[in-house]
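Visitor: Provided below are the primary sequence and the corresponding predicted coordinates.
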Amino acid sequence: MHKVDMDLVEMTLDVMKYAIERISTTERKIGKPLKSEELKALVGETVTEEGIGGEVAFNLWKKHLSTANVPVDHPRNLAFVPAAPTRAAVMFDLVTSASSIHGAYWMEGAGGIFCENEAMKWIVSLTGMPEGAFGVFTSGGTAANLSAIVTARENWRSINAAHKREKGLIITSIGAHSSIKAMAKVADIDVLLVDTEDRLEGAALKDTINSLTPDERERLFAVVATGGTTNAGIIDDLEGISAICNTENLWLHVDAAYGGGALAADSVRHLFNGIENADSITIDPHKWMFSPYDCGAVLYRDPELAKNAHSQQGSYLDIFKDEGAHGFNPTDYQIQLTRRVRGLPLWFSLAMHGTDRYKVAVERGLELAQIAGRLITEHPNLELVREPSLSCVLYRRKGWEPQDYTHWTYENHEKGFALVTPTKWKSGTTYETVSRFCFINPDTTEQDIVDILKTME
Ligand SMILES: *Cc1c(COP(=O)(O)O)cnc(C)c1O
């Protein structure tokens, strides 16, 4: 074999070995960030005219750079919404990369898109949306929310010509994810926030709609409800809200980016009743469906409306829309043209393990939240801020000030022991700094929780 080829084979084997080690090791340290200058001092110049060689670069990665990351799949990483991709999905992510599939059009990516669609059918089935509903995988919840909001807005404008120059308005609650406000800004849409971080009830939505000025009511086209708030795991009153959206002729988008995985869990499925009436839904497989980053999804009751909003036109694209393509073109239903077939790793993992394993893994996250709730209640210095909801647990350390939580977080992080971060919870008019767990990883143990709580004594 040619020398260069041999090097390539060796490098490939090294990289594969690293990847296998990475996904099979359970005892990992939680890495910590260094300043950019510090990393530069450790690795020196890496991008040069001559190149530094694969082996050197890879060694720098292994020694200095990989350790400056906090793995989200660490069993004691309970911050934000962590992730725990299955090993099957991670391995197939490598296959996805190696396959160079352009996932925009069926004509080029039929095999990959077929697999994505099989996985998508399962996700759609979890929601109970009616026949004809379908979705596409996006880069994440943010892109899914944007795609859905733009679809809703374009649909609203297409129905009434008077709305073409009008700035749209949506209603959501302060429990909604930050990306709703951020994406409304991108789409130049006003947002009205119902002032509750707790469950948004149909009645409160109704009151808010009734309080609008005629101009605001004219501009109102959609409501965004949350199926599992990121901060506290709260599911809005989807039944009540969907009934009001129906009578008021408003688009209902349900943001279940984090909570959507729990649709698979029989123990909590009823909390989502009403989600089947949504016009669009966001679910992030990279959160609670054990997919590697990045993989979100947007689902539509009527995908044709998304196509009207998002299908890109261009002379060099026409060929793909030709009869010859005969298939589903994911680009038509969200904001991105060229795209990775990012649902492919999920498909492989689902096919390998079966959907029952997903149910069990999600139920474990819910169970861990209940276990944590019990341990906190039994602890003399700790108390729950509210009952655990989905897999989120908000709790306080009696007598602690905000800086005590920050200090505690840094200390555990510094030791490479755990990443648990504080948050704020609004009750009445005041925000209280509290501690928060979010359980995704079924490998997190009761002992992990005991050990973390011990550091709060
Ligand atoms: C995480 C999250 C998002 C944003 O999703 P990304 O994948 O991070 O873009 C949106 N909504 C909710 C409810 C979330 O939890």
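Guide: Cool, the structure landed. Residues are numbered from 1 along each chain as shown.
Visitor: Which pLDDT value goes with the residue in the stretch 351-457 of the chain positioned nearest to the ligand?
Guide: Going by C-beta to the nearest ligand atom, the ligand is nearest to Cys438 of the stretch 351-457 of the chain, at 9.5 Å. Backbone N, C-alpha and C define where each C-beta goes, glycine included. Cys438 is assigned a predicted lDDT (pLDDT) of 98.
Visitor: Next up, phi/psi of it, please.
Guide: Note on Cys438: its backbone torsions stand at phi -130, psi 120 [degrees, to the nearest 10].
Visitor: shouldn't it be in contact with Ala83?
Guide: No - judged on C-beta atoms under 8 Å, Cys438 makes no contact with Ala83 at a distance of 10.4 Å.
Visitor: So for the two, which residue has more residues nearby?
Guide: Comparing Cys438 with Ala83 by neighbour count (other C-beta atoms under 10 Å), the higher total belongs to Cys438, at 28 against 23.
Visitor: what's across from the more buried one in the sheet?
Guide: Cys392 (DSSP bridges).
Visitor: Name the residues that touch the lengthiest helix in the chain?
Guide: Across the chain, the longest stretch assigned as helix under DSSP state H is helix 355-378. Under the criterion C-beta atoms under 8 Å, 6 or more residues apart in numbering, residues 122, 233, 261-262, 264-268, 288-290, 350, 382-384, 387-393, 395, 437, 439-442, 444, 446, 449-450, 453 lie in contact with helix 355-378.
Visitor: Keep only those of those residues that are in strands.
Guide: 382-384, 392-393, 395, 437 (DSSP state E).
Visitor: from those residues, which single one is nearest Ala203?
Guide: Here the nearest of the ones in strands among the contacts of helix 355-378 to Ala203, counting by C-beta to C-beta, is Cys392; it sits at 24.3 Å.
Visitor: What is the burial count for the closest one?
Guide: Cys392 is flanked by 26 other residues according to other C-beta under 10 Å.
Visitor: which ones are touching it?
Guide: Cys392 neighbours (C-beta under 8 Å, 6+ apart): 229, 231-233, 369, 436-438.
Visitor: so Ala225 is in which element?
Guide: Per DSSP states H and E, Ala225 falls inside strand 220-226.
Visitor: got the angle between the next helix or strand after that strand and strand 220-226?
Guide: Later in the chain than strand 220-226, the nearest helix or strand by DSSP H and E is helix 238-248. With axes from the mean of the first three to the mean of the last three C-alpha atoms, to 10 degrees defining the directions, helix 238-248 sits at 170 degrees from strand 220-226.
Visitor: is helix 238-248 anywhere near the ligand?
Guide: No - shown here: helix 238-248 not in contact with the ligand (C-beta under 6 Å from any ligand atom), separated by at least 13.7 Å.
Visitor: What is the end-to-end distance of stretch 426-444?
Guide: For stretch 426-444, the first-to-last residue distance is 28 Å (C-alpha to C-alpha, to the nearest Å).
Visitor: Can you classify Leu299 by secondary structure?
Guide: Here Leu299 takes the strand state, with states given by DSSP: H, G, I helix; E, B strand; the rest coil.
Visitor: Buried ones only from the contacts of helix 355-378, please, as a PyMOL command.
Guide: Command for PyMOL, covering only those of the contacts of helix 355-378 found buried under the criterion 16 or more other C-beta atoms under 10 Å:
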select buried, resi 233+261+262+264+265+268+288+289+290+350+382+384+388+389+390+391+392+393+395+437+439+440+441+442+444+449+453
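Visitor: What about Thr46? Give its phi and psi, please.
Guide: Thr46 adopts backbone torsions of phi -110, psi -30, taken as degrees, to the nearest 10.
Visitor: my guess is it meets Ala57, correct?
Guide: Yes - Thr46 lies in contact with Ala57 (C-beta under 8 Å); the separation is 6.2 Å.
Visitor: ok and the helix or strand encompassing Met91 relative to helix 355-378, angle-wise?
Guide: Element membership of Met91, judged by DSSP H and E, is helix 87-99. If you take the same axes, to 10 degrees, helix 87-99 sits at 130 degrees to helix 355-378.
Visitor: Report how many residues lie close to Gly54.
Guide: Per other C-beta under 10 Å, the neighbour tally for Gly54 reads 15.
Visitor: these two touch, right, it and Met11?
Guide: Yes - using C-beta under 8 Å, Gly54 makes contact with Met11 at a distance of 4.7 Å.
Visitor: circling back to that earlier point, from the contacts of Cys392, which single one is nearest Ile335?
Guide: Using C-beta to C-beta, these come closest to Ile335 at Thr229, 24.2 Å.
Visitor: Compute the distance between that closest one and Ile174, please.
Guide: Distance check for Thr229 against Ile174: by C-beta to C-beta, to the nearest Å, it reads 10 Å.
Visitor: can you check Phe114 too?
Guide: For Phe114, the distance to Ile174 - C-beta to C-beta - is 41 Å.
Visitor: Repeat that for Glu414.
Guide: 33 Å.
Visitor: Compare the two (neighbour count), which wins?
Guide: Applying other C-beta under 10 Å to Glu414 and Ile174 shows that Ile174 carries more neighbours, namely 15 against 10.
Visitor: and the more buried one, what does it touch?
Guide: Here Ile174 is in contact with 193-197, 426 (C-beta under 8 Å, 6+ apart).
Visitor: Pick out the most distant pair among those residues.
Guide: Using C-beta to C-beta, the contacts of Ile174 reach their maximum pairwise distance at Val194 and Lys426, which is 12.5 Å.
Visitor: These two - which one has more neighbours?
Guide: A direct count of neighbours by other C-beta under 10 Å for Val194 and Lys426 places Val194 higher, at 19 against 15.
Visitor: ok, for the more buried one, nearest residue in space, not its chain neighbours?
Guide: Counting by C-beta to C-beta, 6 or more residues apart in numbering, Ser173 is the residue found nearest to Val194 once chain neighbours are left out, at 4.4 Å.
Visitor: And that neighbour, its phi and psi?
Guide: Main-chain dihedrals, Ser173, degrees, to the nearest 10: phi -110, psi 170.
Visitor: need the contact list for it.
Guide: Residues near Ser173 by C-beta under 8 Å, 6+ apart: 193-197, 200, 226, 236.
Visitor: try 7 Å
Guide: By C-beta atoms under 7 Å, 6 or more residues apart in numbering, the residues touching Ser173 are 193-194, 196, 200.
Visitor: Roughly how far does it sit from the ligand?
Guide: 12 Å (C-beta to the nearest ligand atom, to the nearest Å).
Visitor: Return the per-residue confidence for that residue.
Guide: 97.
Visitor: what do you get for Asp7?
Guide: 82.
Visitor: which SSE is Thr172 in?
Guide: Applying DSSP H and E, one finds Thr172 within strand 169-173.
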